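Student: Please find the sequence and the predicted model below.
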Amino acid sequence: MGYFARVRASILDRFRAARRRGFFPVLLAGLPFVLLAACSSAPPATYDLNAATGGFAARAGRGQLAVLLPDATLPADSDRIVVRTNPQSVAYLAGAQWADKLPSLIQSRLIESFQNAHLLRAVGRPGILADFSLQTSIRRFEFDAARGEATVEISAQILGQSGRIIAGRLFSGTVPVASADSSAVASALDAALRQIMREIVIWTAPKI
C-alpha cells in the first residue's frame, strides 16, 4: 500500500470511529489532503441561542453602548457545535449546527440582553453614536464530553471613544448536560450563555 493510500485509510478509520460516537473530528492543516465526508440526505438540526431576560439587578447607566462583533478563532468561529473530547482535541457534534456563525449570533443576543434590561439609553451595533463600546472574545463555547457539561468563557472589555480600555473581566459558566444528544447539548450551552450575558449586562451598565 502506497503512502497516500495509508494516510487515506488512517483518516477513514478515525472518521468512522468518531462518527460512531456521534462526533465529526476537526481535521487540522498539515495533512496531504482532506477527505470530505458525504453528508446524509437529512439536513442538520439547527439550534438558536436566547437573550437573557430578567434578574438584571444593577444601577442604570446614562450612556449609549455599541456591542462589537466578538473575537473568535476556530473551532468557535463557525456555526458548528464544538465538543471537547480531551484537553488536546475537539470535534464537531454530528448532525447539528447553530442558526448563524457563533460570533454573529452572540453579538445579536447580547444586544437583545442589554435591551431587555432597560439599563442604558441605547444599545446597538457599531455605527450608532455610542459613548462606549463593548469588545468581547469567545474563549470557550463547547460541550466537555469528559466532564458532561457545557462550558462557556467570554472575556469582555469596555472601551472609551478613543479606544482606551475602561474595564475588563473574564466571565465563565458551566451547566451539566444529561446526555450527548444534540438538543441537550444546545440547551445547556444556551443556559450557560444566558447566565454569562446577564452578568455582562450587570457589570457593564453602571460603567456607561
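Tutor: Thanks, I have it. Because the structure is a prediction, the values reported are computed rather than measured.
Student: can you count the residues close to residue 158?
Tutor: 19 (other Cβ atoms under 10 Å). C-beta here means a position set from N, CA and C on the backbone, and glycine is covered the same way.
Student: Local confidence estimate at it?
Tutor: Per-residue pLDDT puts residue 158 at 98.
Student: just the one 3 residues further on next, same as before
Tutor: pLDDT, the model's per-residue confidence, is 92 for residue 161.
Student: Quick check: residue 144 touching residue 151?
Tutor: Yes. Using Cβ atoms under 8 Å, residue 144 is in contact with residue 151, at 5.2 Å.
Student: what about residue 118, how many residues close to it?
Tutor: Neighbours around residue 118, by other Cβ under 10 Å: 9.
Student: Endpoints of stretch 90-109, how far apart?
Tutor: 25 Å (Cα to Cα, to the nearest Å).
Student: Now do the shared contacts for residue 144 and residue 151.
Tutor: Both residue 144 and residue 151 are contacted by residue 84, under the criterion Cβ atoms under 8 Å, 6 or more residues apart in numbering.
Student: Please identify which of those two sits among more neighbours.
Tutor: Counting neighbours by other Cβ under 10 Å for residue 144 and for residue 151 shows that residue 151 has the greater number, 21 against 18.
Student: And the strands in this protein?
Tutor: In the chain, the segments counted as strands under DSSP state E are 23-25, 45-47, 64-67, 80-86, 89-98, 122-124, 132-144, 149-159, 165-176.
Student: Out of these, the one nearest residue 195 is which?
Tutor: Using Cβ to Cβ as the measure, strand 165-176 is the one of the strands of the chain that comes nearest residue 195, at 4.5 Å.
Student: Now do that closest one against strand 149-159, angle only.
Tutor: 170 degrees (axes from the mean of the first three to the mean of the last three Cα atoms, to 10 degrees).
Student: check contacts around residue 151.
Tutor: By Cβ under 8 Å, 6+ apart, the contact set of residue 151 is 84, 140-144, 172-174, 192.
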